[in-house]
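> quick one: sequence and predicted model below, then my questions.
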Amino acid sequence: MSEKPILLSIIEVGGYPDFSPIYQQHGYDVVVESSMRKVLKFLKKNTPSVIVAEFNFQSDFRDRTSSLESMMSVVERMDNVRTVVFYEKEYSAQFDRLKARFDFDHELLFPIDTEQLAIAVR
């Protein structure tokens, strides 16, 4: 990898445009992962400057609301990693429960406003 800061983009479900050009425009090397297992493996060896992830409520989890909890347990022990989370309005209550446990730098409601996203990753 180059000397550019890393932006880790986690796209587990997707269904929205590829925002990589916005990330690259702001000077990031973009790494895209599609599973939390791969994200956790990546985080063992790398410290990104920014993580952009989706909140995907998973009602079948007994003890948590989404796989973001596993990631955030690792990220909260890292220095200077900013987090941006995309979420659906219909899952606001579940996302609020997650926000009660973890601090996110930016939260963006679908559909994603690209100007707000650009501000969030600066």
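It's in.

> max-length helix in the protein?
Ranked by residue count, the top helix of the chain under DSSP state H comes out as helix 36-45.

> which element follows that one toward the C-terminus?
strand 50-54 (DSSP states H and E).

> how far does that next one sit from the chain's center?
Mean-position distance between strand 50-54 and its chain equals 2 Å (C-alpha atoms, centre = their mean, to the nearest Å).

> the residue nearest to T114 when sequence neighbours are not counted is in what secondary structure piece?
In space, and not counting its chain neighbours, T114 is closest to I22: 6.3 Å by C-beta to C-beta, 6 or more residues apart in numbering. Every residue, glycine included, has its C-beta placed from N, CA and C. Per DSSP H and E: I22 is located in helix 20-25.

> residues in contact with that helix?
Contacts with helix 20-25, where a contact means C-beta atoms under 8 Å, 6 or more residues apart in numbering, come from L7, S9, V30, V32, V50, V52, T114, L117, A118, V121.

> so where do the strands sit in the protein?
With DSSP state E as the criterion, the chain has strands at 6-10, 29-33, 50-54, 82-87, 106-109.

> residue closest to the middle of this structure?
Centroid-nearest residue in the chain, with C-alpha atoms, centre = their mean: A53, separated by 2.2 Å.

> looking at the strands of the chain, which is nearest to L68?
L68 lies closest to strand 50-54 among those, at 6.0 Å (C-beta to C-beta).

> on that earlier part again, any chance of the strands of the chain in TSV, plus distance to A100?
TSV is the format used below for the strands of the chain (distance: least, C-beta to C-beta, whole Å):
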stretch	distance to A100
strand 6-10	21
strand 29-33	26
strand 50-54	18
strand 82-87	14
strand 106-109	13
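
> any chance of those strands in CSV, plus distance to P17 and mean pLDDT?
Below are these laid out as CSV (distance: least, C-beta to C-beta, whole Å; pLDDT from 0 to 100):
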stretch, distance to P17, mean pLDDT
strand 6-10, 12, 98
strand 29-33, 13, 98
strand 50-54, 13, 97
strand 82-87, 12, 98
strand 106-109, 13, 98
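
> the ones you listed: which one's closest to Q94?
It's strand 82-87; of the strands of the chain, that one is closest to Q94 (C-beta to C-beta) at 8.8 Å.
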